[in-house]
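Novice: predicted model follows, preceded by the sequence.
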Amino acid sequence: MITLFLFMKVDTLIVGFGIAGLNYAEQLRRQNKSFVVLTQDDHSASHIAAGIVNPIVLKRFNPIWKAKEFLDYALPFYSNLEEWLQSQIIHQLPIYRILNDIQEQNNWSIAASRTSLEKYLNQQLIPKDKFPEVSAPFAFGEVTQSARVDIITLLTCYIKKIIPHQFISEKLDYKALIVGEDVEYKNIKARQIVFCEGYQGVKNPYFNYLPLIGSKGEILIIKCEHLTEKVIFKGPIFLSPMGDKTFWVGATFNKMDKTTKLSEKGKEWLIIKLKQFLKLPFQILDHKAQIRATVIDRRPLIGRHPKYDKIYLLNGLGTRGVLMAPLLSKWLFRFITNKEKLPPEADIKRFEKQYFSN
Ligand SMILES: Cc1cc2nc3c(=O)[nH]c(=O)nc-3n(C[C@H](O)[C@H](O)[C@H](O)COP(=O)(O)OP(=O)(O)OC[C@H]3O[C@@H](n4cnc5c(N)ncnc54)[C@H](O)[C@@H]3O)c2cc1C
């Protein structure tokens, strides 16, 4: 970590170091661009997320928006990072979706035979008694191209091994930011600034016109001695192995509460949902809460500020940040450096009217 005594001139100042900031930093590193990261603390959505990479909407068995493009870019991207960091960050794990009735089972089989999905969904149903410790009224549907990224290991190793001298632990004071030909912040001069602030971006005066609505999620970390660690289960909630017989259980969705306070109600709800399918005893080790940066139209927010051409945004990653951040970062990087067009669905230009009508 560095302190802000020395004068620094860099290509990019990145504000926020969750999965978005990390991915943008990595784009810059790969293109030999200089940058510095300024981030507040490690209380972020990225720090409590399960890190599940899943291209499928598991309620309706549909691919998510641009599923193939995101997945084809993300998996090799993280594998490459894994090599660089010399630490395991990707865990290839299938998701076993508990199918609740005969109709869901049929819908799964129909979806799995569609050309667009056959690569991701196993057409062969998994027998319900494969894991006696999990109660499944019918078969399991298997998502094959899924994984879990160990986000905490990734963030920690990246700071330690790749950017120890480009990392500042500090909350950006918006009042100290000077935007002109370049961007200046205290002793840093940068050609541009990229805000990767997650839900806390609602306080950013440059982007507070955007419809970042936020959705609180509470999770539990449990210990369960005899549960398989080879599968992520998806019943009413996710149950994902974290190593050492610990498991991630979550999550709640609450659009009304914008605090990160832990609630007894959230905890109780998670326990009830977990007991609906986990037959083994477990011990609760931790309970956490954060806000997902969700957007009103469920698409990410990337692009240039409507007025200041040195200010950029990478936000609105919603519930799929791990899967989407690598390709979104590449799009944003190419937009800034090569003036390549952004996909209109993700470009913040779609909300420009709101900015000028404020
Ligand atoms: C319960 C839960 C479970 C989830 N599970 C998954 C999952 O399994 N898979 C998946 O893909 N996604 C999941 N998500 C969503 C995922 O967490 C987000 O999409 C992603 O982490 C967002 O990353 P981010 O970098 O945009 O924001 P954040 O992770 O919130 O990081 C932003 C960082 O910026 C810092 N910051 C903000 N403002 C400033 C400032 N002014 N100055 C300095 N620093 C600042 C913050 O302190 C923070 O560290 C989950 C989210 C939750 C809440």
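Specialist: That came through, no problem. Numbers count the residues shown, from 1 in each chain.

Novice: and the host helix or strand of S329, what's buried?
Specialist: According to DSSP states H and E, S329 maps onto helix 321-338. Burial within helix 321-338, assessed by neighbour count using 16 or more other C-beta atoms under 10 Å, is assigned to 321-333, 335-336. Just so you know, the C-beta spots here come from the backbone N, C-alpha and C atoms, and that holds for glycine as well.

Novice: among those residues, which ones lie close to the ligand?
Specialist: With C-beta under 6 Å from any ligand atom as the criterion, those include G321, V322, L323 near the ligand.

Novice: quick check: chain neighbours aside, which residue is closest to the most centrally placed residue in the chain?
Specialist: For the chain, the residue nearest the mean C-alpha position is G321 (2.3 Å; C-alpha atoms, centre = their mean). Nearest non-adjacent residue to G321, counting by C-beta to C-beta, 6 or more residues apart in numbering: I19, 4.8 Å away.

Novice: circling back to that earlier point, show me what the helix or strand following the helix holding S329 is packed against.
Specialist: Heading C-terminal from helix 321-338, the first helix or strand you meet, by DSSP H and E, is helix 352-357. Where contact means 3 or more C-beta pairs under 8 Å, 6 or more residues apart in numbering; DSSP states H and E, helix 352-357 is not packed against any helix or strand.

Novice: where do the helices sit along the protein?
Specialist: Secondary structure of the chain (DSSP state H): helices at 19-30, 45-48, 67-85, 102-112, 151-157, 264-275, 321-338, 352-357.

Novice: for the fifth one, give me every contacting residue.
Specialist: Outside of helix 151-157, the residues within contact range by C-beta atoms under 8 Å, 6 or more residues apart in numbering are 17-19, 22, 42, 46-47, 49, 51, 78, 81, 85, 87-89, 322.

Novice: and with 7 Å instead?
Specialist: Residues outside helix 151-157 that contact it (C-beta atoms under 7 Å, 6 or more residues apart in numbering): F17, I19, L22, S46, H47, A49, G51, L85, S87, I89, V322.

Novice: shaky segments in the stretch 101-250 of the chain?
Specialist: Counting by pLDDT under 70, the stretch 101-250 of the chain shows no low-confidence range.

Novice: tell me the buried residues in stretch 73-92?
Specialist: For stretch 73-92, the neighbour count (16+ other C-beta under 10 Å) marks Y73, A74, L75, F77, Y78, L81, E82, L85, S87, I89, I90, H91 as buried.

Novice: can you name the two of those residues that are farthest apart?
Specialist: Y73 and S87 (21.1 Å; C-beta to C-beta).

Novice: in the stretch 251-358 of the chain, which residue sits closest to the ligand?
Specialist: G321 (2.3 Å; C-beta to the nearest ligand atom).

Novice: tell me the buried residues in stretch 299-312?
Specialist: Per 16+ other C-beta under 10 Å, stretch 299-312 contains these buried residues: R299, P300, L301, I302, G303, R304, H305, P306, K310, I311, Y312.

Novice: make a markdown table from those residues and add distance to P281 and pLDDT to it.
Specialist: Below are the buried residues of stretch 299-312 laid out as a markdown table (distance: C-beta to C-beta, whole Å; pLDDT from 0 to 100):
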| residue | distance to P281 | pLDDT |
| --- | --- | --- |
| R299 | 42 | 97 |
| P300 | 40 | 98 |
| L301 | 43 | 98 |
| I302 | 45 | 98 |
| G303 | 49 | 98 |
| R304 | 53 | 98 |
| H305 | 53 | 98 |
| P306 | 55 | 97 |
| K310 | 56 | 98 |
| I311 | 52 | 98 |
| Y312 | 49 | 98 |
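
Novice: and the residues you listed near the ligand, which?
Specialist: Counting by C-beta under 6 Å from any ligand atom, nothing from these sits close to the ligand.

Novice: which two in these are spaced the farthest apart?
Specialist: Of all pairs in the buried residues of stretch 299-312, the most separated under C-beta to C-beta is R299 and K310 at 24.1 Å.
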